[in-house]
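Student: need coordinates for the below:
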Amino acid sequence: MSNGSPTALLLNAGHALDHLFLLIFATAVAAIAAEWGMAWQDLMPYTVGAFVMFGLGSLPAGRLGDLWGRRAMMIVFFLGMGLSGLLVAFAKGTWSLAAALTLMGVFASIYHPVGIPMLVQNTRTPGFTIGLNGLAGNLGIAVAAILTGFLVKYFGWRTAFAVPGLLALVFGGLFALLAPGEHLAPAKRPQKHVELPPSVMARVLLVMTLAAISSSLIFNFTTNGNGRLLAERLAGLVDDPATLGVLLAVVYTIASLAQLVVGRLIDRFPLKWIYLPIAGSQVVLFAIASQATGWPLYAAMLAFMVFVFGAIPFIDAMIVQYVDDRMRSRVSGMRLAVSFGVSSLAVYLLGPTVKAAGFTTLLVVMAFISASTTIFVAFLPGRLPSHRPEAAPVTAG
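Tutor: Numbers count the residues shown, from 1 in each chain. Modelled structure (predicted):
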């Protein structure tokens, strides 16, 4: 699939919407809490259902993507996200809000195990395609910060959910019209993949799962906590919510570009030797950020987010290199169910952790998690293929 085709453009837009929806709440939580007479830290646990289902829902979503069809599942994704966004906008209290967010998590879980395998199923440059897709997803995070800040300030937090909800419905209609039909579900297509030795595959799957868990924890801690971290450590320098949203959007936009660079490198060099320095750099940068305030903190945040976003393409690239297209959605769904299911604890613990121990402790914890990722990646096989597995046999050592 060409990166410039209408289907590819809509798939990338879907990734942007997926991340945008999941982070609207993190940006709007202060306004919602103020309206309902609560502290924002006490409101954060009500969103845990969304992130739990974002992980657990990946398992059935991936299975349906392979056995039923990826095009049909993506239509369900767009329409479901749109409708659930409108339900959140009409929530009347904490539990109706939690229920609507959880439903949103169910539909949001479809994208990663279905949309990314659909995007890369015929590409000869999977690293760059995944990097471009990751850029689109993280631009969705940037848009969530700036758009939500703007809408909350001028129109209220409910509008911040309603506007993307309507946009998702429009995209769903366009996808149904423009995406070509599937003659065969992926699971029914001929096998092309050259299988790895069982011992190598077991090692790769173990590293993939452990690294996915730790990197997902980092991703959720940062993207859900950065807004409040900036608000706390830039207090007195920048206090306007819309301006803070712009500053956060700048961080995410610049950091997202790292994925294009990493994507190109993945297509040319072994995964292990690109992933190791990226994970290791996070350790140092989180430690520095834990002690910084004011504009130095902002600079440190920009630096650590470059490496957090730069690490995103690796797990999907491993799946493309090692798993046949007939079952990529199912394998992706299984690893997402584990990693996102565990990392949903990050969202649940974010408010209580910051309330009890502060952001300094949280940043130190993230440095230790990044160190764990570095250790996991060190166990990847030393020689990994830098080309599509369909093209030639794989050797590993």
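Student: in terms of helices and strands, where is the closest residue to residue 176 other than its chain neighbours?
Tutor: For residue 176, ignoring the flanking residues on the chain, the nearest one in space by CB to CB, 6 or more residues apart in numbering is residue 75 at 5.2 Å. Bear in mind the C-beta positions are built from the backbone N, C-alpha and C, glycine included. Under the criterion of DSSP states H and E, residue 75 resides in helix 70-89.
Student: tell me the helix or strand right after that helix.
Tutor: Next in sequence after helix 70-89, counting helices and strands by DSSP H and E, comes helix 94-108.
Student: would you mark the buried spots in that next one?
Tutor: Going by neighbour count (16 or more other CB atoms under 10 Å), the buried part of helix 94-108 is 94, 97-108.
Student: that older thread, please name every helix or strand in contact with the helix holding residue 75.
Tutor: In terms of contacts (3 or more CB pairs under 8 Å, 6 or more residues apart in numbering; DSSP states H and E), helix 70-89 is packed against helix 6-36, helix 58-67, helix 94-108, helix 111-120, helix 157-178.
Student: which helices and strands sit right next to the second one?
Tutor: Using 3+ CB pairs under 8 Å, 6+ apart as the contact criterion, the elements in contact with helix 58-67 are helix 70-89, helix 111-120, helix 328-377.
Student: swap in 10 Å and give it another go.
Tutor: Where contact means 3 or more CB pairs under 10 Å, 6 or more residues apart in numbering; DSSP states H and E, helix 58-67 is packed against helix 70-89, helix 94-108, helix 111-120, helix 328-377.
Student: okay if I get those as TSV plus mean pLDDT?
Tutor: Shown next, in TSV, are these (pLDDT from 0 to 100):
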stretch	mean pLDDT
helix 70-89	95
helix 94-108	93
helix 111-120	91
helix 328-377	82
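Student: what is the neighbour count of residue 137?
Tutor: Residue 137: 25 surrounding residues under other CB atoms under 10 Å.
Student: in contact with it, which residues?
Tutor: 12, 14-20, 111-112, 115-116, 256, 259, 309, 312 (CB atoms under 10 Å, 6 or more residues apart in numbering).
Student: count the neighbours of residue 75 for me.
Tutor: Neighbours around residue 75, by other CB under 10 Å: 17.
Student: just give the nearest non-adjacent residue to residue 145, would you?
Tutor: Distances taken as CB to CB, 6+ apart place residue 248 nearest to residue 145, at 4.0 Å, with adjacent residues excluded.
Student: any idea which element that neighbour lies in?
Tutor: helix 241-256.
Student: what's the angle from that helix to helix 6-36?
Tutor: 150 degrees (axes from the mean of the first three to the mean of the last three CA atoms, to 10 degrees).
Student: what packs against helix 241-256?
Tutor: Using 3+ CB pairs under 10 Å, 6+ apart: helix 241-256 touches helix 6-36, helix 126-155, helix 198-233, helix 294-310.
Student: pull the CA atoms of it into CSV?
Tutor: Provided in CSV are the C-alpha atoms of helix 241-256 (Å, rounded to 0.1, in the frame of the first residue of the first chain):
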residue,chain,number,x,y,z
PRO,A,241,-4.1,26.6,30.0
ALA,A,242,-4.2,27.3,26.3
THR,A,243,-0.6,28.5,26.3
LEU,A,244,0.4,25.4,28.2
GLY,A,245,-1.4,23.3,25.6
VAL,A,246,0.6,25.0,22.9
LEU,A,247,3.9,24.4,24.7
LEU,A,248,3.0,20.7,25.1
ALA,A,249,1.9,20.5,21.4
VAL,A,250,5.3,21.9,20.4
VAL,A,251,7.1,19.2,22.4
TYR,A,252,5.0,16.4,20.9
THR,A,253,5.3,17.7,17.3
ILE,A,254,9.1,18.0,17.5
ALA,A,255,9.4,14.7,19.3
SER,A,256,7.2,12.9,16.7
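Student: list the buried residues in it.
Tutor: 241, 244-249, 251-253, 255-256.
Student: tilt between it and helix 198-233?
Tutor: Here the directions of helix 241-256 and helix 198-233 differ by 150 degrees (the same axes, to 10 degrees).
Student: so how far is the helix or strand that helix 241-256 is followed by off the chain centroid?
Tutor: The C-terminal neighbour of helix 241-256 among helices and strands, as given by DSSP H and E, is helix 258-266. Relative to the chain's own centre, helix 258-266 is displaced by 16 Å; criterion: CA atoms, centre = their mean, to the nearest Å.
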